[in-house]
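Trainee: Take this sequence and fold it.
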Amino acid sequence: AAIDEAAAKTFTILIPSDIHDDIDGVQRMRRQMKDEGVVIDVVLCPGDLTSMPSTLSEPTPLEVGTEFTAKANHVLAALATIHPVVHWVPGNHDPDQFFDATHDGFGGSVGTNVHGRVEMLAPKLWIAGWGGCVEATEDGKAVWGAYPYAEAELPAQMEALKVELAAKVTPGDAVVLMTHAGPSASSTSVVSGVDPNSLVVPGVRGVGEAGADGNEAGVGAEAGAEAGAKRSSGGGGGRSSGRTKRAMCQWIQTGSDTISELLFEQAQQESVLFHVHGHTHNGCGRCQVGSVPVINPGSLRYTSTFAILRLKNLHGAWLLTSAEMRHLDDQASSRGRKRKGSE
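Mentor: Down below sits the predicted model:
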């Protein structure tokens, strides 16, 4: 459903992601918006409504799909209590039917599933969506699986979406791009924290205590000797440079190259107002890919965060005037430390 033209000069977008069945979190967010007097005009959710187990190329048992479809629809109904206009895409922990446009249950019980689609959000403002995630890697090795498409499949799978964007979006129009996985070119798709589901647990992934021989914990003697030789000779940028590179190898890369390539295209650089994604709980924040702001609101369940974006239509052109990263009430820090789960 599109926002009517009279109400579309300025409007406010609420974006919770990776809710993972946290109905209580949705209700708390709704009360928080009401208490603060924030009037929401549309709700966007970039996926993982629920927490269904998923494995690439393996069909989900019927009883499991039925159980988690009911849970996902429960979350959608809760989001609709904030505003009836809800646009969403499925995440890698959402039911298979949400990826199949021919399935009777594709649209869920509430709102508009925009996976693989381009829909009008407001006059001259479109929303394009893509759900699921690609494989995530740490030091070049896969650590989290893709679902329902691996990276190698994605260019062909997303071709129809690119064709629809070209057909519907005219010069001067703006696009909101909403995906579950983020672009590999953005820091919002990187897990640098020791706890993938927290923003407050101290520590950097890949940085350990110094060992007795002066090397970083977890770094082999050969690598340590090589780094020491470079420091002695004045090459290689010194200790901090080697340490930084070794640490960053351990950061989990969850983003998609195919989604990055989409953003690199000149048509998207000119039309995409912002790109919002979920999936990477620890990547919560904002980055920039060329002219496009990339926003990850984190996980409502695990990091207790969400985003509020405000748009303005000025002389027929849409502008992003503000992007706030928000926490649920003052319990957010303790929840971020205690909760565990998967991306």
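Trainee: Name the SS class of Arg246, please.
Mentor: Each residue gets one of three states, and Arg246 gets helix by DSSP: H, G, I helix; E, B strand; the rest coil.
Trainee: who's Ser322 bridged to?
Mentor: For Ser322, the beta-bridge assignment (DSSP bridges) gives partners Arg310.
Trainee: contacting residues for it?
Mentor: Contact analysis of Ser322 by CB atoms under 8 Å, 6 or more residues apart in numbering lists Ile308, Leu309, Arg310. For glycine as for every other residue, the C-beta is placed from the backbone atoms N, C-alpha and C.
Trainee: Need the buried ones from those residues selected in ChimeraX.
Mentor: Here is the ChimeraX command that picks out the buried ones among the contacts of Ser322, judged by 16 or more other CB atoms under 10 Å:
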select :308,309,310
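Trainee: now, which of the contacts of Ser322 sits nearest Thr254?
Mentor: Of all the contacts of Ser322, Leu309 has the smallest distance to Thr254: 22.1 Å, by CB to CB.
Trainee: Please tell me how far the closest one sits from Val26.
Mentor: Using CB to CB, to the nearest Å, one obtains 18 Å as the distance from Leu309 to Val26.
Trainee: one step back: could you export the contacts of Ser322 as CSV, including pLDDT?
Mentor: Output for the contacts of Ser322, formatted as CSV (pLDDT from 0 to 100):
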residue, pLDDT
Ile308, 98
Leu309, 98
Arg310, 98
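Trainee: Format the contacts of Ser322 as CSV; extra columns: distance to Gly285.
Mentor: Shown next, in CSV, are the contacts of Ser322 (distance: CB to CB, whole Å):
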residue, distance to Gly285
Ile308, 14
Leu309, 14
Arg310, 18
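Trainee: where's Ile259, which helix or strand?
Mentor: helix 257-264 (DSSP states H and E).
Trainee: pLDDT score for Phe11?
Mentor: The model reports Phe11 with a pLDDT of 88.
Trainee: What are the phi and psi values at the residue nearest to it when sequence neighbours are not counted?
Mentor: Taking CB to CB, 6 or more residues apart in numbering as the measure, Phe11 lies nearest to Asp41, with 3.6 Å between them; neighbours along the chain are not counted. With angles defined as degrees, to the nearest 10, Asp41 shows backbone torsions of phi -110, psi -20.
Trainee: What count of nearby residues applies to Asp41?
Mentor: Other residues lying near Asp41 total 18 when counted by other CB atoms under 10 Å.
Trainee: Equivalent analysis for the one 10 residues further on, please.
Mentor: The local packing count at Ser51 equals 20, with neighbours defined by other CB under 10 Å.
Trainee: i'd like the first residue to be 59 from this point on
Mentor: Happy to do that; since the first residue is 59 now, the last one works out to Ser109.
Trainee: my read: it touches Asn150, true?
Mentor: No - using CB atoms under 8 Å, Ser109 is not in contact with Asn150; the gap is 10.4 Å.
Trainee: I'd like the mean pLDDT over stretch 215-226, please.
Mentor: Across stretch 215-226, the per-residue pLDDT values average to 98.
Trainee: Lowest mean pLDDT among the helices and strands of the protein, which one is it?
Mentor: Using mean pLDDT, DSSP states H and E, the weakest-scoring helix or strand in the chain turns out to be helix 279-291, at a mean of 38.
Trainee: Out of the contacts of Ser380, which is nearest to Ala232?
Mentor: For Ala232, the nearest member of the contacts of Ser380 is Leu367. The distance, counting by CB to CB, is 12.6 Å.
Trainee: For Ser112, see how far away that closest one is.
Mentor: As judged by CB to CB, Leu367 and Ser112 stand 29 Å apart.
Trainee: quick one, what contacts the residue most central in space within the chain?
Mentor: Central residue check for the chain by CA atoms, centre = their mean: the C-alpha nearest the mean position is that of Gly336, 1.6 Å away. Shown in contact with Gly336 (CB under 8 Å, 6+ apart): Ser75, Asp76, Cys103, Pro104, Gly105, Asp106, Gly149, His238, Gly240, Asn354, Pro355, Ser357.
Trainee: packing partners for the host helix or strand of Ala200?
Mentor: For Ala200, the enclosing helix or strand under DSSP H and E is strand 199-202. The helices and strands touching strand 199-202, judged by 3 or more CB pairs under 8 Å, 6 or more residues apart in numbering; DSSP states H and E, are strand 194-196.
Trainee: centre of the chain versus the strand it packs on, how much separation?
Mentor: For strand 194-196, the separation from the chain centroid amounts to 16 Å (computed by CA atoms, centre = their mean, to the nearest Å).
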